[in-house]
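Engineer: sequence first, then the predicted structure, then my questions.
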Amino acid sequence: MPDHKPSLLTLFLSVFKISAFTFGGGYVIVPLMRKRFAQQLHWVSDEEMLDMIAIAQSAPGPIAVNTSIILGYKVLGLKGALVAVLGTALPPLVVLTLISLVYEAFITNKIVATFMEAMRAGVAAVIADVVWTMASGIARKKQPTPIILMALAFIAVYFFKAPIILVLLVCGLVGLSDAWLRGQRKEATP
Amino acid sequence: MSLLITLYLSFFQVGLFAFGGGLAALPLIRDQVVVIHPWLDMATFTDLVTIAEMTPGPIALNAATFVGTRVAGLPGAIIATLGCITPSLIIVLILARVYRAWKDKAAFQGVLGGLRPAAVALIASAGLSIALLALFGHSTRMSLSAIDWIAVACFILALFVLRKWKPSPILVMLGAGVLGTAAKLLLP
């Protein structure tokens, strides 16, 4: 049962669980957070979650850490931000401390390696599912600018390995001027 | 003590300059722990990358813990992790306040309107890299003979289950791991 009132304990446990079970880095963790906090707990709207992900990506540092900070702050203030970042940082701290003690046995274990490799297909499916949902959400609004930006940003990052900060900067500026132009047009035709 | 301070400052820089997360942080981490400080040799660093990708959580935090433990035990792991998240805490909290204050301003909405599609594109790009790695393995050429058909079957099944029943993604990922491992070990 989803409970709708944000609490520090639920926040901590949710973030901890996501961080503990998510392989493949920040880009997998973020969609999971969106699923948990927007779609299951309803603490934030889908739109707000996407805003927060965009802001988290615009700041330096691990994306999962950034997203949990801004999400924690949004639902429960400074306390929420600290609890969320603690929940995100604890699982890697515990797991890696243990593994660095026995890492040679771990890295050469055939079953561990096969399992990690096999799980990648599941990770890829989870990301594909989320991209599908998010991209169709943007396409459904039927505005040309965001759709073109999405396609161009993808090509720039994937094929041309453009610096991410540059892509974000350009997209932010295009969004800003788009909003300004629409404002101008509204004034021109009252 | 001075070692802990150096650790903290090194990972503070990783946290401060790593834009785009995950793999983008790797060159910065290598600079700090292999080139600038003699904490790891290059072979151990390569192992670290493999381990960081194999274990849960953000790659930068995994690296911080691994290096911290090897350099100064558990205190080192904690200090390096703290160093890595301090810049995020400061910068993102400022951005969070800006978001709360300006959320309804037209200009800020315009910027967010541009950042949202970029965010989706970044996730899609990372997802495609992972998908190709999962479906073609480590072979550099994308040829039909290199396709890992078990991974393809797991991917399609997982995507179908996700779209149809919307289960917990954690279950789907673990399920794909169990199914794929069983198939690879049992099938000839």
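Structural biologist: Arrived safely, thanks for sending. Numbers count the residues shown, from 1 in each chain, chains lettered A, B, ... in the order given.
Engineer: helix or strand: which one has the residue nearest the centre of chain A?
Structural biologist: Taking CA atoms, centre = their mean, the centroid of chain A lies closest to residue A:30, which sits 2.6 Å from it. In this assignment (DSSP states H and E), residue A:30 forms part of helix A:26-34.
Engineer: what is the rounded mean pLDDT of that helix?
Structural biologist: Averaging pLDDT along helix A:26-34 gives 78.
Engineer: how far out from the middle of the chain is that helix?
Structural biologist: Offset of helix A:26-34 from its chain centre (CA atoms, centre = their mean, to the nearest Å): 4 Å.
Engineer: would you mark the buried spots in it?
Structural biologist: By neighbour count on 16 or more other CB atoms under 10 Å in any protein chain shown, the buried set for helix A:26-34 is A:26, A:27, A:28, A:29, A:30, A:31, A:32, A:33, A:34. Placement of C-beta: from N, CA and C, glycine included.
Engineer: give the next helix or strand downstream of the helix ranked longest in chain A.
Structural biologist: Criterion DSSP state H: the longest helix present in chain A is helix A:63-101. The helix or strand immediately downstream of helix A:63-101 is helix A:103-108, counting by DSSP H and E.
Engineer: for that following helix, packing partners?
Structural biologist: helix B:42-54 (3 or more CB pairs under 8 Å, 6 or more residues apart in numbering or on different chains; DSSP states H and E).
Engineer: show me what the helix it packs on is packed against.
Structural biologist: Using 3+ CB pairs under 8 Å, 6+ apart, helix B:42-54 sits against helix A:63-101, helix A:103-108, helix A:110-139, helix B:59-102.
Engineer: for that helix, list the C-alpha coordinates in CSV.
Structural biologist: Extracted C-alpha coordinates of helix B:42-54, given in CSV (Å, rounded to 0.1, in the frame of the first residue of the first chain):
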residue,chain,number,x,y,z
MET,B,42,46.6,1.2,-13.4
ALA,B,43,45.7,-2.6,-13.3
THR,B,44,44.0,-2.2,-9.9
PHE,B,45,42.2,0.9,-11.3
THR,B,46,40.9,-1.2,-14.2
ASP,B,47,39.7,-3.8,-11.6
LEU,B,48,38.1,-1.0,-9.7
VAL,B,49,36.1,0.1,-12.8
THR,B,50,34.9,-3.5,-13.3
ILE,B,51,33.9,-3.8,-9.7
ALA,B,52,32.2,-0.4,-9.7
GLU,B,53,30.1,-1.5,-12.6
MET,B,54,29.3,-4.9,-11.1
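Engineer: that helix to helix B:59-102, inter-axis angle?
Structural biologist: On the basis of axes from the mean of the first three to the mean of the last three CA atoms, to 10 degrees, helix B:42-54 is oriented at 50 degrees to helix B:59-102.
Engineer: list the buried residues of the longest helix of chain A.
Structural biologist: Applying 16+ other CB under 10 Å to helix A:63-101 flags A:63-76, A:80-93, A:95-97, A:99-100 as buried.
Engineer: how far off centre is that helix?
Structural biologist: 13 Å.
Engineer: quick check, it touching chain B?
Structural biologist: Yes - looking at helix A:63-101 against chain B by CB under 8 Å from any CB of the partner chain, the contacts come from A:63-66, A:69-70, A:73-74, A:78, A:81-82, A:85, A:88-89, A:91-93, A:95-97, A:99-101.
Engineer: so where is chain B shaky, pLDDT-wise?
Structural biologist: Counting by pLDDT under 70, chain B contains low-confidence ranges at B:20-24, B:138-142, B:188.
Engineer: would you map out the domains in it?
Structural biologist: When chain B is parsed with automatic domain parsing, its domains come out as B:2-102, B:106-186.
Engineer: out of those, which is the most enclosed?
Structural biologist: domain B:2-102 (a mean of 21; mean count of other CB atoms under 10 Å in any protein chain shown).
Engineer: just the endpoints, please. Distance across it?
Structural biologist: 42 Å (CA to CA, to the nearest Å).
Engineer: let's have the helices and strands packed on helix B:42-54 in JSON lines, adding distance to residue A:172.
Structural biologist: Below are these laid out as JSON lines (distance: least, CB to CB, whole Å):
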{"stretch": "helix A:63-101", "distance to residue A:172": "16"}
{"stretch": "helix A:103-108", "distance to residue A:172": "41"}
{"stretch": "helix A:110-139", "distance to residue A:172": "16"}
{"stretch": "helix B:59-102", "distance to residue A:172": "12"}
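Engineer: which one of those helices lies nearest to residue A:150?
Structural biologist: With CB to CB, the closest approach to residue A:150 among the helices and strands packed on helix B:42-54 belongs to helix A:110-139: 6.1 Å.
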